[in-house]
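> Based on what follows, work out the 3D shape:
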Amino acid sequence: MACEMVGAPPGNVAFVGDEPLTDVAGARKAGLLPVLLDPEGLFPPPNGAEVTLGTLSDLEQVLFQS
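Next comes the predicted model:
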């Protein structure tokens, strides 16, 4: 798994995808933080993701929250 290659535990790794049924579910199954990219607002919460973003530029703010 990629997490092992970089020495990061899965719980410290975010997976960004745009499909709740495959990307979000797969991230959860792997123990990753599921982040849903939904610029059109097609999948309002609850959609299974920990975080839903409108744009990728919002990701930095989410990842580096204090």
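> Which per-residue confidence value corresponds to residue 57?
The model reports residue 57 with a pLDDT of 94.
> State the distance from it to residue 39.
11 Å (CB to CB, to the nearest Å). All C-beta spots, glycine's among them, are computed from the backbone N, C-alpha and C.
> Do a quick rundown of the strands in this structure.
Here the chain has its strands, by DSSP state E, at 14-17, 33-37, 51-53.
> how far does the shortest one sit from the chain's center?
The gap between where strand 51-53 is centred and where its chain is centred comes out at 7 Å by CA atoms, centre = their mean, to the nearest Å.
> For the residue most central in space within the chain, list each beta-bridge partner.
Taking CA atoms, centre = their mean, the centroid of the chain lies closest to residue 35, which sits 2.0 Å from it. Taking DSSP bridges as the rule, residue 35 bridges to residue 16, residue 51.
> Low-confidence stretches in the chain?
Scanning the chain for pLDDT under 70 picks out the ranges 66.
> Where do the helices of it begin and end?
2-6, 25-30, 59-63 (DSSP state H).
> Return the most buried member of those helices.
Of all the helices of the chain, helix 25-30 carries the top mean neighbour count, a mean of 15, counting by mean count of other CB atoms under 10 Å.
> So which residues make contact with it?
Surrounding helix 25-30, the residues in contact under the criterion CB atoms under 8 Å, 6 or more residues apart in numbering are 1, 10, 15, 17, 33-35, 48.
> What subset of those is buried?
For the contacts of helix 25-30, a neighbour count by 16 or more other CB atoms under 10 Å gives the buried set as 15, 17, 33-35, 48.
> roughly how far apart are residue 28 and residue 43?
Counting by CB to CB, the gap from residue 28 to residue 43 is 15 Å.
> what comes into contact with stretch 51-64?
14, 16, 33-39, 41, 43-45.
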